[in-house]
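*Asks:* Dropping a prediction and its sequence here:
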Amino acid sequence: MVETPAGERVLCHTRGKKSELVVGDQVLWRATGDEGVIEQAQARRNLLFRQDEWRTKSFAANLDTVLVLVAGEPMFSESQLTRALIASRSAGIPTWIGLNKTDLPAAASARERLAPYKAMGVSVVELALKTAPDAAGATLGPLLAGRTTLVLGPSGTGKSTLINLLVPQAEAQVGEISQALNSGRHTTTSTRWYWLDAEPGAVAAGSQGDVPARAALIDSPGFQEFGLRQIAPEDLAGLMPDFAAALGHCKFHNCSHRHEPGCGVREAMARGEITPSRQRIYGELFEELSRSKW
Ligand SMILES: Nc1nc2c(ncn2[C@@H]2O[C@H](COP(=O)(O)OP(=O)(O)OP(=O)(O)O)[C@@H](O)[C@H]2O)c(=O)[nH]1
Ligand SMILES: [Mg+2]
Ligand SMILES: [Zn+2]
């Protein structure tokens, strides 16, 4: 589906083999009756994707920010959160965390689990999208203004609830929590672009000089697996802010920070500057990314 500058959506076909286009791509296209043909994809500013041994799965392209939405129920996996943060950092896209469902008791332990992320400089906002929508809207407004934001996260955290709150005509399907928990079912099955404000033309007509960028939100299906095969194990520490802060003091320049003597990162661990769970996740990821691909 291609959107024209006038805001019209046109069903387009691609030439030949399977399309590698993703939400957020810009294209040159040509009308063929009511539909269209995509002639060329423009270069991307960035691309967020995950990659396992068998395939690469793209989320979206040309993003200004990524909002990773998590909750205490279902309790988010710290490993999944870390993977999402590493992928977006590696793609060069600023990323922040939303803790949703703060009306539920489980929010307390989720908040605790997020403390080290706040400490390493990731911004975390708290939301109760369903029970305190006005407050959530007020918190999110300035963070989303003028930007394209991908809303990412495990299934059932409230991504589509957020879209529906901010884009009243969206009618994104929202799942029952029991279904999300029991069957691992994903309510949202495709990635979709929503404009957050003003009709096309309205912004340009009313503004002087530079046309302000329109805010957009991208809803995505919840992820379970989050492969990082695109990342070399030796680049991992530099993509994890608490590890990155301790780099530069190791005896060996190719230190893996797992068992080498004179390791500055492990000294930081001993000083309590890197939590045990982050150490475990680093170790698991390092192993996973070091495994040969065949
Ligand atoms: N208690 C509580 N429930 C919420 C809140 N926000 C959303 N929910 C509920 O959480 C469930 C899942 O919400 P969705 O918006 O469908 O979640 P999603 O992240 O889009 O899920 P997928 O599309 O499967 O990835 C629904 O039953 C929502 O009503 C909240 O702030 N508090
Ligand atoms: Mg959804
Ligand atoms: Zn080291």
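*Replies:* Structure's in. What do you need? Ligands and ions are numbered 1, 2, ... in the order given.
*Asks:* Specify the beta-bridge partners of Glu126.
*Replies:* Leu99 (DSSP bridges).
*Asks:* was I right about it contacting Trp96?
*Replies:* No: between Glu126 and Trp96 there is no contact under Cβ atoms under 8 Å: 11.8 Å. No exception for glycine: its C-beta is placed from N, CA and C like everyone else's.
*Asks:* any chance you could read off phi and psi for Glu260?
*Replies:* phi -70, psi 150 (degrees, to the nearest 10).
*Asks:* Over to Glu267?
*Replies:* Dihedral angles (degrees, to the nearest 10) for Glu267: phi -70, psi -40.
*Asks:* which residues touch Ile38?
*Replies:* Going by Cβ atoms under 8 Å, 6 or more residues apart in numbering, Ile38 touches Val2, Cys12, His13, Thr14, Arg15, Ser19, Leu21, Val27, Leu28, Trp29.
*Asks:* From Ala84, how far out is the first one?
*Replies:* Remark: distance between Val2 and Ala84 (Cβ to Cβ, to the nearest Å) = 28 Å.
*Asks:* between those two, who's got more neighbours?
*Replies:* Taking other Cβ atoms under 10 Å, Val2 and Ala84 do not tie; Ala84 has more neighbours (24 against 18).
*Asks:* List the contacts of that one.
*Replies:* Val66, Val68, Thr95, Leu152, Gly153, Phe223, Phe226.
*Asks:* And those, which is closest to Tyr194?
*Replies:* When the contacts of Ala84 are compared for distance to Tyr194 (Cβ to Cβ), Leu152 comes out closest, at 14.6 Å.
*Asks:* wait, doesn't that closest one sit right on Val66?
*Replies:* Yes: using Cβ under 8 Å, Leu152 makes contact with Val66 at a distance of 5.6 Å.
*Asks:* Using the three-state scheme, assign the residue lying closest to Leu48 once chain neighbours are set aside.
*Replies:* Sequence neighbours aside, Phe59 is the residue nearest to Leu48 in space, at 4.4 Å (criterion: Cβ to Cβ, 6 or more residues apart in numbering). For Phe59, the assignment made with DSSP: H, G, I helix; E, B strand; the rest coil gives strand.
*Asks:* Confirm for me that Gln224 is in contact with Pro154.
*Replies:* Yes: using Cβ under 8 Å, Gln224 is in contact with Pro154, at 7.0 Å.
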